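Novice: coordinates only, sequence not included:
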């Protein structure tokens, strides 16, 4: 750390600078402790805590680490052991000590931002950069969650400062291939990559920039040798993690997510990194947007004169020599990191502003450079602009801490309601593993676990496999009086809605309740209940364009009565040799003799991996479920069930292709249903 904070520097030894840094870090730590446990533990945090509390050697191969390397979890494991964190403790106690790690590292990141800013442009860059990091609502939010992002920010910032130091040393003709500083750079950069794989976009940008710099030197081959050698050293350090990465990364994508445009990508990132997750245009008396984009314009304009301003500043102070390559390197960090991640977004369809957040140390430093650039026009301008920036950041930080509209989830309120509402004769199903078990017992994630008797309803994580869900519900809910189905607002566990299909088919929907981040629906049953998704599946081939076709169908048995559920199950496939480039939906509708549509059910066509038809293999035979309700006032007679397939985005129907291969309309008939007489229906009710 002495290499990062050189106390032999006259500037580093200045009393006022030390006082400023101490005050800033104390303020940053105090800010991050505010309301540290106000928000409930949410999904990401609960998963991280659960994994970290396992034996150390089980962490790296934990299946929950679907796209994350293990370094943070190892660190959280040691931290949790030190503070005695364990399952079964009060959730607020677990939340405080597990989040405290991010809080501590977040403050370290602020100090490192000061160190890096000084290397870019002296204290007049380092001080405002650290101030931005201390007040940033984005950094504040990440410092209050049990996640790895603050660790990644800190490690990357330390690596960047060490990189500039070793590069300055490398200008000497007698500089060795490796030095203590350059080895530390490799160590910190590798540690950052072992914290989050998205760090690779920043590191690639760094190495490309370093290579371009090396090519511009008179001793380019010696410099290129150093570039290659340090890249090789980092690769060797990362090799033990490579098998884990190769297992996680290649198949990670979500084609069902709409890719954001470049302009929207940049807008969302800028808004989050400066305004935070709780950004609201009504902040600052309605001038939040003006502040947000005004800072962007001011920073960009100030950067035009930034390098001149930094050189001017250095001559007038006793600051250490400024790295001439620092500003281009910082720009490459920001622009390269954002550009490379956007290319990954286009390829993998996985976007969230925090995934690109590893560019924020560069962004905050460049904002500080931009503010300093105005000193050439008017010397008080940087201070006034910094004050304006700080006021907006403080408002954003206050919103992040106290504005309940932006809370993650209210799992504590949900579980308290369930304890007050349910009985031992009920059962609760939850569509996500986490964080339900931190707030409610008895609860089981493992399907084989036997739950002990309790005064409240037993709760289970319900993994929805549409092919076996009826058997699972029969096993766990066959003797239940009521079933409560808890769904997370970001869940994709049951996109074909097989669970409500079965519960509506065999039970009576009794109510719904909403909590912040969760919805609860519940049904009344008459046990014993034997659930069956698709009884009497029969072959049925209906082809729509050269895209998809039905293979089998389970249709309602007749006679039917008014108000009866009309369950339809269809098995689908892609047409061999055909194409289904766009997302599709299917509609099953009930028509009377006059061709009036009386009821309908529309569902997306998805396979068992929840992918649209464009991504189905030729072997896929996914099920789709459609539950209609016969209107209560239907007269006796015959009614038709028809099937329509249409584009999910533009709603254009696909033509139905008959057996001869010719277009034959758009809505073929599935079945003719007979509506029963009143006497039959009365006996059925009895």
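Specialist: Yep, that arrived. Here the structure is a predicted model, which means the values were calculated and not measured. Residues are numbered from 1 along each chain as shown.

Novice: how close does residue 190 sit to residue 209?
Specialist: In this view, residue 190 and residue 209 are 18 Å apart by C-beta to C-beta, to the nearest Å. Heads up, the C-betas are built off the backbone N, CA and C, glycines and all.

Novice: for residue 38, what are its contacts?
Specialist: If you count contacts by C-beta atoms under 8 Å, 6 or more residues apart in numbering, residue 38 has them with residue 401.

Novice: where along the stretch 451-600 of the chain do the strands fall?
Specialist: 459-461, 482-488, 508-515, 518-524, 538-539, 543-544, 548-554, 565-574, 584-591, 597-604 (DSSP state E, counting those that start in this stretch).

Novice: The second one to strand 518-524, inter-axis angle?
Specialist: By that I understand strand 482-488. With axes from the mean of the first three to the mean of the last three C-alpha atoms, to 10 degrees as the basis, strand 482-488 and strand 518-524 are set at 160 degrees to each other.

Novice: And the last one, by the same measure?
Specialist: Angular relation of strand 597-604 and strand 518-524 on a 0 to 180 degree scale: 130 degrees, by the same axes, to 10 degrees.

Novice: Show me what strand 597-604 is packed up against.
Specialist: strand 584-591, strand 623-629 (3 or more C-beta pairs under 8 Å, 6 or more residues apart in numbering; DSSP states H and E).

Novice: Give me the buried stretch members for that strand, please.
Specialist: 599, 601, 603, 604 (16 or more other C-beta atoms under 10 Å).

Novice: likewise the longest one?
Specialist: Neighbour counts using 16+ other C-beta under 10 Å place 566, 567, 568, 569, 570, 571, 572, 573, 574 of strand 565-574 among the buried residues.

Novice: Quick check: bridge partners of the fifth one?
Specialist: Spelled out, it's residue 570. residue 553, residue 624 (DSSP bridges).

Novice: Identify the residues contacting it.
Specialist: Contacts of residue 570 (C-beta under 8 Å, 6+ apart): 540, 550, 552, 553, 554, 586, 588, 623, 624, 626, 643.

Novice: Over to the third one?
Specialist: Applying C-beta under 8 Å, 6+ apart, we find residue 568 in contact with 553, 554, 555, 556, 588, 601, 625, 626, 627, 628, 641, 670.

Novice: Could you dump those residues into CSV and include distance to residue 276 and pLDDT?
Specialist: Conversion of those to CSV gives the following (distance: C-beta to C-beta, whole Å; pLDDT from 0 to 100):
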residue, distance to residue 276, pLDDT
553, 51, 96
554, 50, 96
555, 53, 94
556, 52, 89
588, 45, 97
601, 41, 96
625, 41, 97
626, 42, 97
627, 42, 96
628, 45, 93
641, 51, 95
670, 51, 94
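
Novice: Residue 362: which of those residues is nearest?
Specialist: residue 625 (49.2 Å; C-beta to C-beta).

Novice: residues in contact with the closest one?
Specialist: 466, 496, 497, 498, 501, 533, 567, 568, 569, 603.

Novice: now residue 50
Specialist: 64, 87, 434 are the contacts of residue 50 under C-beta under 8 Å, 6+ apart.

Novice: Skipping its backbone neighbours, what lies nearest the second one in space?
Specialist: The shortest distance from residue 87 to any residue other than its chain neighbours is 6.3 Å, reached at residue 53 (C-beta to C-beta, 6 or more residues apart in numbering).

Novice: Identify the residue spatially nearest to residue 442, adjacent ones excluded.
Specialist: Using C-beta to C-beta, 6+ apart, the closest residue to residue 442 is residue 451 (4.4 Å).

Novice: Quick one: residues contacting the one you found.
Specialist: Residue 451 neighbours (C-beta under 8 Å, 6+ apart): 442, 443, 444, 458, 460.

Novice: Could you do residue 419 as well?
Specialist: 440, 456 are the contacts of residue 419 under C-beta under 8 Å, 6+ apart.

Novice: That one should be in a helix, yeah?
Specialist: Yes - counting by DSSP: H, G, I helix; E, B strand; the rest coil, residue 419 is part of a helix.

Novice: so what pLDDT did residue 347 get?
Specialist: Per-residue pLDDT puts residue 347 at 82.

Novice: Now it: which helix or strand?
Specialist: helix 326-348 (DSSP states H and E).

Novice: Downstream of that helix, the next helix or strand is which one?
Specialist: helix 360-373.

Novice: Show me what the helix or strand that comes right after that following helix is packed against.
Specialist: Counting by DSSP H and E, the next helix or strand C-terminal to helix 360-373 is helix 381-402. Contacts defined by 3+ C-beta pairs under 8 Å, 6+ apart place helix 381-402 against helix 123-135, helix 137-143, helix 288-304, helix 360-373.

Novice: who wins for proximity to residue 616 among these?
Specialist: helix 137-143 (37.8 Å).

Novice: pLDDT averaged over the closest one - what is it?
Specialist: Helix 137-143 comes out at a mean pLDDT of 97.

Novice: Beyond that helix, next helix or strand please.
Specialist: Downstream of helix 137-143 (by DSSP H and E), the next one is helix 149-170.

Novice: So which bits of that next one are buried?
Specialist: Burial within helix 149-170, assessed by neighbour count using 16+ other C-beta under 10 Å, is assigned to 149-168, 170.

Novice: Geometric centre of the chain: which residue is closest?
Specialist: Centroid-nearest residue in the chain, with C-alpha atoms, centre = their mean: residue 352, separated by 5.8 Å.

Novice: For it, report the pLDDT, please.
Specialist: 89.

Novice: From what I see, residue 179 and residue 166 are in contact.
Specialist: Yes - contact criterion C-beta atoms under 8 Å: residue 179 and residue 166 qualify, at 6.0 Å.

Novice: which residues sit in contact with the nearest residue to residue 353 once chain neighbours are set aside?
Specialist: Counting by C-beta to C-beta, 6+ apart, residue 353 lies nearest to residue 272, which is 3.9 Å off, once chain neighbours are set aside. For residue 272, the contacting residues are 138, 279, 353, 354, 357, by C-beta under 8 Å, 6+ apart.

Novice: for residue 228, same thing?
Specialist: Applying C-beta under 8 Å, 6+ apart, no residues contact residue 228.

Novice: Since that was my last question, I'll sign off now.
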